[in-house]
Each structure stands twice: as C-alpha cells, then as structure tokens.
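> structure, please.
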Amino acid sequence: MAVLSSARRVLPWACNGQALARVSGGALGTGRSGGGSLLQPRWRSSLPQLDPVDRSDEDSSGGDIEWDNLGFGLTPTDYMYVMRCPQADGGFARGELSRYGNVELSPSSGVLNYGQGLFEGLKAYRRADGAGYMLFRPEENARRMQAGAERMCMPAPSVEQFVHAVKQTVLANTRWVPPQGKGALYIRPLLIGSGAILGLAPAPEYTFMIYASPVGTYFKEGMSAIHLLVEEEFHRAMPGGTGGVKTITNYAPVLKAQMDAKSKGFADVLYLDSVHKRYVEEASSCNLFVLKGETVATPATAGTILPGITRRSIIELARDCGYQVEERLVSVDDLIGADEVFCTGTAVGVTPVSTVTYQGTRYEFRTGEDTLSRKLYNTLTSIQMGLAEDKKGWTVAID
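As a prediction, the model looks like this:
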C-alpha cells in the first residue's frame, strides 16, 4: 500500500505560548528564537496551521492498494478536515481542509491529561452508477457526538457543520473510496480538548478533525461467522459511567480482555453487566442481537451500552421483516439458548456469530445464507451502496 510523503507533514497546535509535545513522535517540541520568543510565531496561537490544498501531485487512483485484500487497517489518505473552538463557551469557527499529517499538542492539553475526547465512525460508499458517493445517516453520528460532548463537558459542532465536514473530507479523498463491493472509505471524526489545562477541569479550547481511510471487513474472518468469549472478570462499563457515549476513554480498558481472548482464538469478547454479572451488554466495539423463534432481542441502551446507529437501523429493518424486536435485559441464558446471534456496528456491519464460549462450554448458533443476519446484511448494504431504494431517507448523496 502506498504511503504518501505528504502523510508526514506536521500540523501544529499550541496553547497560550506553551511548549509543545509531538503526539505521534513522542518528542518535546523545541523552541526557536525569533522576535524575542522561544517559539516560532505560528506556535503562539492554538490555531491549526493548515497547509494549502495542492492536488497537483495526485493521480486518480488509490495508490497501490489491492482492493481485494483490503482489511481494517490505516491507509493514510490525502486530506483531513480541521475546525476549532477557541473558547469553551464559544462556537466552532469555519473549518478547512489540510494535508493529512501529524498533529502537535501541548503536553498539558485536556485530551492528553484527562482523556477529554470523543470519536465517531461512519462510512462513504461508491455509488453503483459511479456518479458519486453515499453516506449513511451522518446526522445521527453528529447527534451522538453532541450527546457525548454534553456528558464530557465539551462544545460540539452543529449537525450542519458535522455533515458538511464529512462531505468535504470525502470529496477531498475520493480516489481512496474503494470500488463498489470492495469496501468503503471509513471516516473518523474526532473531538478533543486541545487547550492546555493543569488542574482537573474542562479544556479552554477544542479541536474537531476528520480523517479517513479505505477499509474492508473488520474481523480477520471476513464475512465468515465469528467466535466470541463471554468475559467474566473485566467489565466494559458501569451504571453512571460513560459506557453510553463514544468517549475515547471507553476503549483502551477493553484491550486487555480482547487481547487475551484473541490469543485463545476468539474474535472478540462479550461483556456482562457490572452489577449482576449475568446480563450481556455488548462486545468491545459492537452491539449484540439474539434471535429465538420469531423474536429478536438486543440489550437495552440504559447508560452502559453505546446506542449504535447500525443497531437502530437493524431494529427497524427486522421489524419490517415481521419480527418482534425487544430492547431489554438479555441474560446469559437468553444468549446461549438463542437460535441465532449476530453483532452490528459501523465497522463490523452485520456479522454472524458461530459460537459463544461461556464458563468453558462452547454454544453453537445457526449461520449461513438462510439466516436473519444475512437477510438484514443484504438489505442494509444495498441501501448503503445505493443498490436498493432508500424508502427511509437514511442515505445522503455526495456528487
């Protein structure tokens, strides 16, 4: 895969003239003399320093990517989008495109010291007629970021600003959108406390940015059914915590359990509730559904479970198929007694579960073409890629 030389450019931030720490390189930024200051003039403000958009070195293809072997890894693309809010009580200024590159932050920034940050994930698909691109419910990602920002004491872009930024990011990176059926352009919006703060308090300023990467399937199994392990020692979230918002601090704590499970041959883990330790909540990065007879159940989002946008869409599609869908507590007994189990999420799509292992016993579930998960997957992806009529108004076209 080609890595552009422009991907090594540095996008600096500074906060109130303080020294900088380069996030990606880990080195402390050194000051230079000039005008009586130890910092370069461009480092005396928190304003992102943006490179002009010069596309003269681009071709129309996605580099040397083998689209048929595209997994879920980072491939640096050409541009990212940056927008900032200079004061916590102010609004976000107009954003701009910049060459994709490293960023520099104050070592005392809120995101580095106190984890004040959120992220989102959505995908852009190449349209079947080749005349543009499709987004799937981007306004819902914007609203979820707003809800998370309120919980994390952060300002957030408006829905209009968010969707506009996503569109601009896609249009600037169109050569990296995979051919239809080969994957999608994964879009990662970030909202971080970029301002410098020493005491525990909200950061004085915030940065919203978006980057993108072409991706294929999330799990190494591809479209095949996966094997999950019920985790009994570690918990993903607790009542009153932040499990229901997409804060960056929710994800590193699951790595220990996830890595242990993968070392034993499992694709991921399922977490139990932290109070009773008998109700299934979700996997590390996706929601869970179980089917028994004509009833579909999914754990209710009551503060410890992320309200997935794919989850919400699948609930509606399953009801359209004539199934009764229940959002409720789902016990381990419900899980192991199910006919069919599957996971949903932006990254994983609709992924069938072949087995779940609980307390040393492996339980098997129905998989294959003649399953509800496959039917829902086909319906969802057809809408996302413009292969089926979008009667629900979920998609947004980018021409």
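> now the helices: where do they sit in this protein?
110-114, 138-151, 159-172, 255-263, 309-320, 332-336, 372-384 (DSSP state H).
> deepest-packed of those helices, please.
helix 110-114 (a mean of 22; mean count of other CB atoms under 10 Å). Heads up, the C-betas are built off the backbone N, CA and C, glycines and all.
> got a list of contacts for that helix?
With CB atoms under 8 Å, 6 or more residues apart in numbering as the test, helix 110-114 has contacts from 21, 23, 105-106, 116-117, 192-195, 197-198, 200, 202-203, 248.
> so which of these are in strands?
Ala21, Leu105, Gly117, Ile192, Gly193 (DSSP state E).
> highest neighbour count among the residues you listed?
Gly193 (28 neighbours; other CB atoms under 10 Å).
> now that residue: how far from Ala147?
According to CB to CB, to the nearest Å, Gly193 stands 17 Å off from Ala147.
> where does the chain dip in pLDDT?
Low-confidence regions of the chain, defined here as pLDDT under 70, cover residues 1-63, 88-89, 220-223.
> in it, which residue is closest to the centre?
Centroid-nearest residue in the chain: Gly121, 2.9 Å away (criterion: CA atoms, centre = their mean).
> mind listing what the closest residue to it other than its chain neighbours touches?
Nearest residue to Gly121, sequence neighbours excluded (CB to CB, 6 or more residues apart in numbering): Thr346, at 4.6 Å. Thr346 sits next to Gly121, Leu122, Lys123, Tyr186, Gly308, Ile309, Thr310 when contact means CB under 8 Å, 6+ apart.
> just give the nearest non-adjacent residue to the third one, would you?
This means Lys123. Using CB to CB, 6+ apart, the nearest residue to Lys123 is Ala184, at 3.9 Å.
> now for that neighbour, how many residues are close by?
So Ala184, with other CB under 10 Å, has 28 neighbours.
> quick check: beta-bridge partners of it?
Val215 (DSSP bridges).
> does the residue nearest to the centre of the chain touch Arg188 like I think?
Yes: between Gly121 and Arg188 there is a contact under CB atoms under 8 Å: 6.0 Å.
> next one: the residue nearest to the centre of the chain from Tyr363, what distance?
30 Å.
> do the same with His276
20 Å.
> so for these two, which residue has more residues nearby?
More neighbours surround Tyr363 than the other of His276 and Tyr363, with 17 against 9 (other CB under 10 Å).
> quick one: contacts for the closest residue to the more buried one other than its chain neighbours?
Once flanking residues are discounted, Tyr363 sits nearest to Ile336: 4.5 Å by CB to CB, 6+ apart. By CB under 8 Å, 6+ apart, the residues touching Ile336 are Val356, Tyr358, Tyr363.
> for Cys321, see how far away Ile336 is.
From Ile336 to Cys321 the distance is 24 Å (CB to CB).
> take the ones in strands among the contacts of helix 110-114 and lay them out in a markdown table including distance to Gly130.
Shown next, in a markdown table, are these (distance: CB to CB, whole Å):
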| residue | distance to Gly130 |
| --- | --- |
| Ala21 | 44 |
| Leu105 | 40 |
| Gly117 | 37 |
| Ile192 | 36 |
| Gly193 | 41 |
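> follow-up on the earlier one: of all the contacts of Ile336, which comes closest to Ala128?
Of all these, Val356 has the smallest distance to Ala128: 36.0 Å, by CB to CB.
> what bridges to the closest one?
With DSSP bridges as the rule, Val356 is bridged to Leu228, Tyr363.
> tally of neighbours for it?
Val356, neighbours per other CB under 10 Å, totals 25.
> mind checking how far stretch 201-212 is from the chain centre?
Computed by CA atoms, centre = their mean, to the nearest Å, the separation of stretch 201-212 from the middle of its chain amounts to 16 Å.
> now swap in stretch 361-377 and tell me
On CA atoms, centre = their mean, the centre of stretch 361-377 falls 25 Å from the chain's centre.
> check stretch 257-273 too.
Distance, centroid of stretch 257-273 to centroid of chain: 20 Å (CA atoms, centre = their mean).
> same question, stretch 373-382
Using CA atoms, centre = their mean, the offset of stretch 373-382 from its chain centre is 21 Å.
> contacting residues around that stretch?
289, 310, 313-314, 317-318, 321, 340, 342, 349-352, 367-368, 387-388.
> try stretch 270-283
So stretch 270-283 is contacted by 228-232, 234-239, 243, 254, 257, 268-269, 284, 288, 299, 304-306, 329-332, 334-335, 343, 356 (CB under 8 Å, 6+ apart).
> again, only using 6 Å
The contact list for stretch 270-283 (CB atoms under 6 Å, 6 or more residues apart in numbering) reads 228, 230-231, 235-236, 238, 268, 288, 299, 304-305, 329-332, 335, 343.
> just the buried ones from the contacts of stretch 373-382, in ChimeraX syntax?
The buried residues among the contacts of stretch 373-382 can be selected in ChimeraX (16 or more other CB atoms under 10 Å) with this line:
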select :289,310,313,314,317,318,340,342,349,350,351,352,367
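> in strands, which of the contacts of stretch 373-382 appear?
Using DSSP E, the contacts of stretch 373-382 in strands are Phe289, Glu340, Phe342, Gly349, Val350, Thr351, Pro352.
> the last one bridge partners, please.
So the one you mean is Pro352. Bridge pairing for Pro352 - DSSP bridges - gives Phe342.
> then the first one?
On the basis of DSSP bridges, Phe289 takes part in beta bridges with Phe342.
> if we can go back for a sec, redo the helices of the chain as TSV? Include distance to Leu74.
Converted to TSV, these look like this (distance: least, CB to CB, whole Å):
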stretch	distance to Leu74
helix 110-114	19
helix 138-151	20
helix 159-172	15
helix 255-263	17
helix 309-320	21
helix 332-336	33
helix 372-384	22
